[in-house]
Structure formats: C-alpha cells, structure tokens
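Q: quick check, what structure comes out for this input:
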Amino acid sequence: MGKNVLIVSASPRKGGNSDLLCLQFMTGAKAQGHQVEKVNLRETKIGYCLACEHCRQHDGMCVQQDDMGEILKKMGAADVIVMATPVYFYNMSGQMKTFIDRVYPVYPDISDKDLYFLMTSADERKEAMDTALAGFRGFLSCLGEVAEKGVVFGTGAWKIGDIKGKTAMTQAYEMGKNV
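A: Sure, this is the predicted structure:
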C-alpha cells in the first residue's frame, strides 16, 4: 500500500525552480505507487497568524476563514510532507513562513510523519541555504515524532527553468521514489 504524500510548494512563480523540484519529487513518488497531492501556496488565501489564541480555546479552529484549515486537514492525513521554497535573501520565502506560522493550531498533533525539504537559490553555494534550513529544522523541533528524511539543495537557479539539468532534479526524483 502506498503512502499519502503532501507537497507544499511556496514558489510564487508558476513553474519556478522550487516548483520544478516538487514535480520531480511527485513523479518519483507516483512511480512507486504513492498517492501525491501538491498544494501551491500561491493559489491559496492564507492570512498571517494573529497570535490571538482563538485556536487554542476552540479545538484548533482558527478565527480566520481562509484556506489554511483545509491544508491542515491534509497535513494530518499525510504520511509524508514535502515543503519546498525558493530562498530569497538567504531565507525561506514569506509564503512558506506564513504557512509555517499558521500550523500553530495543530502543531502538537503532527507526528509520525516523514518530512522532506526542497530549496532553490540563485546562489551557487549550498551554505546560502543554511538559514532557511535552520528555519525548517526549528519548525520540526516543535512538532511531535517526525523525521527529517532528506533535503535537496537546488543551487544556481535564478531564472525560471535554471534548475533543469542540475543534479537537484535527479535528487528530488530519487527522493520521491524512495519515500
């Protein structure tokens, strides 16, 4: 029986480099019979966390009526969560950070999941993504029993399509296959 894989793409550009890595991961996972769904944050309406604590007092229900509630349900049902972001100014995109902040209502309940991170950067140095990776790992440290299973560093990818032909594409595909 295949696993349920949820890919969360924070690429603001359709067909952007981190988005292309998502598609490679998805292709690899589907080739092994896993069920895969991809959420494009650019196509959702997600407000910033208001830190109002309404969710803590109302069984995880946020006061905001936006797309985040449905995504949280999908996260809960997933066996594997893939989080993909372009790296801007040496950190994850604002879309990904907003998404992470909005996981607050359910973060203690996210457990028994495997997580993968896909990142792209115009910089050629893998170290340029250290701060973004630290942000992802900080998020993981707040969750229940989860396992970081892999990271893809897509370096030297600025313009749409720059990632094509780079080893990161093969790595993303292979990680998807080995979910």
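Q: next SSE downstream of the lowest-mean-pLDDT helix or strand in the chain?
A: Every helix and strand in the chain was compared by mean pLDDT, DSSP states H and E; the lowest is helix 54-57, with a mean of 92. Note on helix 54-57: by DSSP states H and E, the next helix or strand toward the C-terminus is helix 68-77.
Q: now for that next one, which elements pack on it?
A: Here helix 68-77 is seen to pack against strand 4-9, strand 35-40 when contacts are counted using 3 or more CB pairs under 8 Å, 6 or more residues apart in numbering; DSSP states H and E. For the C-beta atoms, the positions are set from N, CA and C on the backbone; glycine is no exception.
Q: mean neighbour count, the ones you listed: which tops it?
A: Comparing the helices and strands packed on helix 68-77 by mean neighbour count (mean count of other CB atoms under 10 Å), strand 4-9 ranks first with a mean of 24.
Q: pull up the pairing partners for that one, direction included.
A: Paired with strand 4-9 in the same sheet, following DSSP bridges, are strand 35-40 (parallel), strand 80-88 (parallel).
Q: would you agree Asn40 is in contact with Ser9?
A: Yes. The criterion here is CB atoms under 8 Å, and Asn40 meets it with Ser9 at 5.1 Å.
Q: which neighbours do the two share?
A: Asp19 (CB atoms under 8 Å, 6 or more residues apart in numbering).
Q: could you list the buried residues of the least confident helix or strand of the chain?
A: For helix 54-57, burial by neighbour count (16 or more other CB atoms under 10 Å) applies to Cys55.
Q: centre of the chain to it, how far?
A: 25 Å (CA atoms, centre = their mean, to the nearest Å).
Q: helices or strands up against it?
A: Partner elements for helix 54-57 (3+ CB pairs under 8 Å, 6+ apart): none found.
Q: outside of it, which residues touch it?
A: Under the contact criterion CB under 8 Å, 6+ apart, helix 54-57 has outside partners Met61, Cys62, Val63, Tyr104, Pro105.
Q: residue contacts, Asn91?
A: Counting by CB under 8 Å, 6+ apart, Asn91 touches Lys97, Thr131, Ala132, Gly135.
Q: among those, who's most crowded?
A: Taking other CB atoms under 10 Å as the neighbour criterion, Ala132 ranks highest of these with 24 neighbours.
Q: how about that one, nearest residue that isn't a chain neighbour?
A: Closest residue in space to Ala132, ignoring its immediate chain neighbours: Met92 at 4.4 Å, by CB to CB, 6 or more residues apart in numbering.
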